[in-house]
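K.L.:
How does the following fold in three dimensions:
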Amino acid sequence: MTQATATAKTRPQSSELALGLAIHTSTPHLGLALGSQPSQLKCSVEELGRAMSNQLQTRLMDFIAPQAWTALSFLAVAQGPGGFTGTRLGMVTMRTLAQQLNVPLYSISTLAAVAHRHWSEGTVSTEQAIALDMLAQRGQRFTALYQWDRGLPKAMIVDQVCSPEDWAQTLAEQINPPHPITIEEDAAQAIGSLWNIAQLRYHRADRPNWETAQPFYGQHPVTL
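P.N.:
Numbering: from 1, shown residues only. This next block holds a predicted model:
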C-alpha cells in the first residue's frame, strides 16, 4: 500500500465499472468486499481477533490480487460502533490509502450496514424502519434507528450509546413501531451491504474526501 499513487488513467470513466474496496474491522471479524458490480462482488469474512493489527495489510494485499491498488475508484470503511482498536485500525488504513490514491472514502455506520443487509435480503420490508442495538461495554448498548431512503439507510436516530431501559423507552415513543433487530452475529457479515452503500453513493456522484471520514467509538475504551 505504501507504493500506491493516484493514476487517473487506470480508472474507468463510467461509475458503472468503478472498482471499489470495502473493509470492516470494528469487530473481531475482518470483512472485505471488492468489485465493480453487486452481482459480481467478491466478499470475505474471517475471524482474526487480536491478530487483526498484524495481519490486516497482508490480508488486504492478498484479497485484491491480481488487481492493482491504482485500479480502485472508491473505498469504504466501517466507522463503528464496535471495538476501539479495530475501528481505529480500519479507519487509519483506509484514510491513508484514500489519500494516496486520491479516491473517495465512504465512512459508513456498522449499524447502517446491518440495516441495509436486512432490507436487501428481504427479511424486513423497505417500508418499515429498523431499530438496531448491539452490545457495548459496561452494560450499555449501541443503538440507532434507520429508514430506507432510495436504496440507502437514513438515520432517524443517529448511532448512540444508551442503557437498554432508555432504548426501550425510546422505541415505545415511536408513532410507527420499527422492526427491532438485536445484532448477535458478527456485524462484519454485512460487508456486502457496506460496499453496496458506498457503490450507490459513488454512482450518484457523492465524492467524500478522505478527511471527512471519522470513526464512531461511542465509548471511551477506559473508564476512570
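K.L.:
what's the average pLDDT for stretch 182-190?
P.N.:
What stretch 182-190 shows for mean pLDDT is 92.
K.L.:
Can you mark which positions in that stretch are buried?
P.N.:
183, 186-190 (16 or more other Cβ atoms under 10 Å). Yep, even glycine has a C-beta here, placed from its N, CA and C like the rest.
K.L.:
Equivalent analysis for stretch 115-124, please.
P.N.:
Buried, per 16+ other Cβ under 10 Å, within stretch 115-124: 115-120, 124.
K.L.:
for stretch 85-94, same thing?
P.N.:
86-91, 93-94.
K.L.:
picking that back up, secondary structure, pLDDT and distance to residue 72 added to the buried residues of stretch 115-124, as JSON lines?
P.N.:
Below are these laid out as JSON lines (DSSP: H, G, I helix; E, B strand; the rest coil; pLDDT from 0 to 100; distance: Cβ to Cβ, whole Å):
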{"residue": "115", "secondary structure": "helix", "pLDDT": "98", "distance to residue 72": "26"}
{"residue": "116", "secondary structure": "helix", "pLDDT": "98", "distance to residue 72": "21"}
{"residue": "117", "secondary structure": "helix", "pLDDT": "97", "distance to residue 72": "23"}
{"residue": "118", "secondary structure": "helix", "pLDDT": "97", "distance to residue 72": "28"}
{"residue": "119", "secondary structure": "helix", "pLDDT": "98", "distance to residue 72": "27"}
{"residue": "120", "secondary structure": "helix", "pLDDT": "96", "distance to residue 72": "23"}
{"residue": "124", "secondary structure": "coil", "pLDDT": "97", "distance to residue 72": "31"}
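K.L.:
In space, what's closest to residue 36 - neighbours in sequence excluded?
P.N.:
residue 19 (4.8 Å; Cβ to Cβ, 6 or more residues apart in numbering).
K.L.:
Relative to residue 103, how far out is residue 109?
P.N.:
20 Å (Cβ to Cβ, to the nearest Å).
K.L.:
Hmm, I typed the wrong one, I wanted residue 187.
P.N.:
25 Å.
K.L.:
and if you look at residue 133?
P.N.:
From residue 133 to residue 103 the distance is 33 Å (Cβ to Cβ).
K.L.:
wait, what's in contact with the residue most central in space within the chain?
P.N.:
The centre of the chain sits closest to residue 78, judged by Cα atoms, centre = their mean, with a distance of 3.0 Å. Residue 78 sits next to 23-26, 31, 87, 90, 108-110, 113, 187-188, 194 when contact means Cβ atoms under 8 Å, 6 or more residues apart in numbering.
K.L.:
what's the helix or strand for residue 31?
P.N.:
strand 29-35 (DSSP states H and E).
K.L.:
From the contact counts, what lies against that strand?
P.N.:
The criterion is 3 or more Cβ pairs under 8 Å, 6 or more residues apart in numbering; DSSP states H and E, and the helices and strands that strand 29-35 contacts are strand 19-24, strand 42-47, helix 52-64, helix 191-203.
K.L.:
Kindly reformat the ones you listed as JSON lines containing distance to residue 129 and mean neighbour count.
P.N.:
Listed next are those as JSON lines, based on distance: least, Cβ to Cβ, whole Å; neighbours: other Cβ atoms under 10 Å:
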{"stretch": "strand 19-24", "distance to residue 129": "23", "mean neighbour count": "26"}
{"stretch": "strand 42-47", "distance to residue 129": "26", "mean neighbour count": "15"}
{"stretch": "helix 52-64", "distance to residue 129": "32", "mean neighbour count": "15"}
{"stretch": "helix 191-203", "distance to residue 129": "16", "mean neighbour count": "23"}
